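A.B. asks: Any chance you could fold what I've pasted below:
(2 chains)
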Amino acid sequence: MVMLVMIARSLIILLFLVIGLRFMGKRTIGEFQPFEFVIVLAVAELASTPMQDVSTPILYGLIPLFTVFIAHYIMTHISTKCIKFRKFVNGQPMIIIDGNGINYEILKKLNLNVNDILEMIRGQGYFSIEEVSYAVIETNGKLSVLSNDTAEPPRTVPATLIVEGKIMGENLAMINGKKENLERIIRDRKLNVKDILLLTAESKKIFIQPKYGKYVTFEVTHEI
Amino acid sequence: MKSKLIIVIIVGALMLAGGIFELIYINNAFEQLEERVDELLEDEQIDLQKIDETRQWIEKKHKGLEFFIPHFELNEVSVLYNEITGAALAGDDKAAITLLHRLKEYSVRLNDVYSFRFQNIV
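C.D. replies: Sure thing, here's the model as predicted:
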């Protein structure tokens, strides 16, 4: 008998969930704005309890569900009318890569690290920062890229040798590089390892992105 | 877009109206229960007829309250009242009075838990 009650309750809640989610629109999970993502998480939790607990009135599940859906509708409605409110709720797109390379301040602001950015641009088919003129982190967390057609794409995957002021020993060993050689290259450029946000090497081509300032690329004549 | 707005307004209004109705219904039910218990306690001796009337009233209210209150709390009220009935039928007025006091306190607390008040919101 309890099983039948659970089935009936689950179907009722599912029906209202579908109605509510259809009401939210046709966005896919990857396109959710931050507040929509919060709503989906809350809805999942709200829906599950009254499905299982037959001693709790079903209204305990349905009322919060509808409240959340109505709140979402009202927030979306206000967002379309008021840009300030939209910025407050959704945030705003941020340019993470510009003409100078990676913007370290924006990176910190977004709680991202260099590896996240490299992963994101690789996901878009770019294997070096040079290939990207501009990259924007959208409010839904996705990366939009404007490619730099003047940059030559790398022939191999560049080795990441310094990330956020730290030498990646394993990567250096993988390309048979030596720490002393790498430090000499950095010294020659009048830089300090700690000031480097990203250093990559592709054969003898070096890419250095300082934490503050424009990136530089050059070729080394000696071994790394 | 307009039809969605109308639906939102209607559903929102229905929810608010439902919430107010529920609040009044629960409050009335528990206040009536308190009054009935007070009446039973005012009598010098336990009145078996009144005990039975209240039992029937609780049974009726139980079904309505099940839509709004978790069932185990209502079952607690019913079980407690049946203990009172049993004690009264057995002629144990002292036990019946003790349990009536307990039922009254339980009813007051339940009413507080399901009322719209600041302590329940935060």
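
A.B. asks: which residues touch residue 48?
C.D. replies: Answering for chain A, as no chain was given. Neighbour list for A:Ser48: empty [criterion: C-beta atoms under 8 Å, 6 or more residues apart in numbering or on different chains]. All C-beta atoms are positioned from the backbone trio N, CA, C, and that covers glycine.

A.B. asks: oops, I was thinking of chain B
C.D. replies: Contacts of B:Leu48 (C-beta under 8 Å, 6+ apart): B:Ala88, B:Leu89.

A.B. asks: do B:Asn111 as well
C.D. replies: B:Ile26, B:Asn27, B:Phe30, B:Glu31, B:Glu34.

A.B. asks: Likewise for A:Lys204?
C.D. replies: Here A:Lys204 is in contact with A:Glu219, A:Val220, A:Thr221, A:Ile224 (C-beta under 8 Å, 6+ apart).

A.B. asks: Let's see that with 7 Å instead.
C.D. replies: A:Glu219, A:Val220 (C-beta atoms under 7 Å, 6 or more residues apart in numbering or on different chains).

A.B. asks: And A:Ile106, by the same measure?
C.D. replies: Contacts of A:Ile106 by C-beta under 7 Å, 6+ apart are A:Met94, A:Ile95, A:Ile96.

A.B. asks: Checking my notes, A:Lys214 in a helix, right?
C.D. replies: No. Per DSSP: H, G, I helix; E, B strand; the rest coil, A:Lys214 lies outside any helix segment and is coil.

A.B. asks: Can you get me a residue count around the closest residue to it other than its chain neighbours?
C.D. replies: With C-beta to C-beta, 6 or more residues apart in numbering or on different chains as the criterion, A:Lys214 has its nearest non-adjacent residue at 4.2 Å, and that residue is A:Asn100. Per other C-beta atoms under 10 Å in any protein chain shown, the neighbour tally for A:Asn100 reads 13.

A.B. asks: again with A:Ala71
C.D. replies: 15.

A.B. asks: distance of it from chain B?
C.D. replies: Separation of A:Ala71 from chain B (C-beta to the nearest C-beta, to the nearest Å): 10 Å.

A.B. asks: Give me the pLDDT value at that residue.
C.D. replies: A:Ala71 is assigned a predicted lDDT (pLDDT) of 89.

A.B. asks: Could you pull out the strands in chain B for me?
C.D. replies: Per DSSP state E, chain B carries no strands over any range.

A.B. asks: Enumerate the residues of it near chain A.
C.D. replies: Within chain B, the residues that sit near chain A (C-beta under 7 Å from any C-beta of the partner chain) are B:Lys4, B:Val8, B:Val11, B:Gly12, B:Met15, B:Glu66, B:Phe67, B:Phe68, B:Pro70, B:His71, B:Phe72.
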